[in-house]
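# Here's my sequence, what's the structure:
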Amino acid sequence: MARLLSFANYLGQANNVQVIEMFPSTQKTMAYNFGGDVSNYTFEADYQPIVLDQLSYNSNDGEPNFTNTNVTGFFANAEVNPSNIVTTDANQGIIKLTIPAQRYTGPITPDARANVTMTVLSFKWTNTGVTPTTTESHRWGIIERYEPDVSPGNPTLSNAYIQLGIGAINTFSDDSSASGLRTAGTYINVSSTVNRTSQGVDAQFQIVVASDGTLNIDANARGIDYSPGDVITILDSALGGGGAPDVNITVLTTA
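Purely as a prediction, here's the structure:
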């Protein structure tokens, strides 16, 4: 059975979290007033879309209710462009954060109650004027809503979706190097049945072999039951069979 995190577990406590609803194409600027000079502070922000199994709303005020909500999986995180954080008025304690558009570009279920994508954006500030330095953060939970420019669909069926708690490959490395013996081309849904060091199954990769024999490897399907340190060997025969060395993919982290 998949391990699910409650919404509260994923975000931490409710303090310093604000939930809003936006279209993926919407961009908003939020002003923070720190009440004093923050010229010695540094600022950063990143975000990650997660998928909620269900979402309800309070009948009295229309606010989202996460009491019975679980996080079933997630998508890759990304850094907010530093230009989205304006510190021009830092000496007055005013910092402006622009929540970027296109935080999430995958499918969205028009049904607003099930398999809901929420982008969690974390805004962090570090006070470098004290010893030791201190870091605090504020989080935005952005419920991504369907709009005509977004493909209708279930986000859990996306190739980029990583389900929690089933040993799906999250990050990996490989030992590939350029080889003139590699057969150039794009190889889709490449899998392996050899040299697995655990019970992991069903991982598939898209491997692009360039004309100089270098490789670009992406995960098409992340599989289940893998563990960090597992080695997946892709035989050269699956990449055109030109006589180059096999490729070993090492699992770094799983979900």
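
# which residue packs closest to residue 189, ignoring adjacent ones?
In space, and not counting its chain neighbours, residue 189 is closest to residue 204: 4.6 Å by Cβ to Cβ, 6 or more residues apart in numbering. Just so you know, the C-beta spots here come from the backbone N, C-alpha and C atoms, and that holds for glycine as well.

# which secondary structure elements does the helix or strand hosting residue 21 contact?
Per DSSP states H and E: residue 21 is located in strand 17-22. Contacts defined by 3 or more Cβ pairs under 8 Å, 6 or more residues apart in numbering; DSSP states H and E place strand 17-22 against strand 134-144.

# tell me the angle of the strand it packs on relative to strand 17-22?
Angle between the axes of strand 134-144 and strand 17-22 is 30 degrees (criterion: axes from the mean of the first three to the mean of the last three Cα atoms, to 10 degrees).

# In strand 134-144, which residues are buried?
Across strand 134-144, burial judged by 16 or more other Cβ atoms under 10 Å covers 138-144.

# Looking at those residues, spot the one nearest residue 215.
Nearest to residue 215, judged by Cβ to Cβ, of these is residue 144 at 33.4 Å.

# ok, that closest one - contacts?
22-24, 49, 103-104, 108, 116-119 (Cβ atoms under 8 Å, 6 or more residues apart in numbering).

# Okay, and the beta partners of it?
residue 22 (DSSP bridges).

# For residue 87, which non-adjacent residue is spatially closest?
Spatial nearest neighbour of residue 87, chain neighbours left out: residue 95 (5.9 Å); criterion: Cβ to Cβ, 6+ apart.

# just to revisit the earlier point, and the contacts of residue 144 as CSV, adding pLDDT?
Shown next, in CSV, are those (pLDDT from 0 to 100):
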residue, pLDDT
22, 95
23, 96
24, 95
49, 96
103, 95
104, 95
108, 95
116, 95
117, 96
118, 96
119, 97
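
# Please list the members of these that lie in helices.
Taking DSSP state H, every one of those sits outside helices.

# Go through those and say which is closest to residue 77.
residue 49 (8.5 Å).

# can you tell me how far the closest one sits from residue 119?
Residue 49 sits 5 Å away from residue 119, going by Cβ to Cβ, to the nearest Å.

# And the pLDDT for the nearest residue to residue 160 once chain neighbours are set aside?
Distance criterion Cβ to Cβ, 6+ apart; nearest residue to residue 160, sequence neighbours excluded, is residue 75 at 5.4 Å. Per-residue pLDDT puts residue 75 at 92.

# neighbours of residue 75, just the number please.
By the criterion of other Cβ atoms under 10 Å, residue 75 has 21 neighbours.

# Correct me if wrong: it contacts residue 162.
Yes: counting by Cβ atoms under 8 Å, residue 75 does reach residue 162; the two are 7.1 Å apart.

# give me the element the one residue sitting closest to the centre of the chain is part of.
Centroid-nearest residue in the chain: residue 76, 1.9 Å away (criterion: Cα atoms, centre = their mean). Per DSSP H and E, residue 76 falls between elements, in no helix or strand.

# give the contact list for it.
48, 160.

# From the contacts of residue 144, pick the one nearest residue 39.
Out of these, the member with the shortest distance to residue 39 (by Cβ to Cβ) is residue 103, at 29.0 Å.

# Helices along the chain, start to end?
Taking DSSP H, the helices of the chain run over residues 7-11.

# what's the spacing between the nearest residue to residue 77 once chain neighbours are set aside and residue 118?
Computed as Cβ to Cβ, 6+ apart, the closest residue to residue 77 that is not its neighbour in sequence is residue 48, at 3.8 Å. Distance, residue 48 to residue 118, by Cβ to Cβ: 10 Å.

# Quick check on these two: which one has the bigger neighbour count.
With neighbours defined as other Cβ under 10 Å, residue 48 and residue 118 compare such that residue 118 has more, 26 against 17.

# OK, contacts around the more buried one?
49-52, 141-144.

# need the residues you listed in CSV with distance to residue 167, can you?
Converted to CSV, the contacts of residue 118 look like this (distance: Cβ to Cβ, whole Å):
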residue, distance to residue 167
49, 21
50, 18
51, 18
52, 21
141, 27
142, 29
143, 29
144, 27
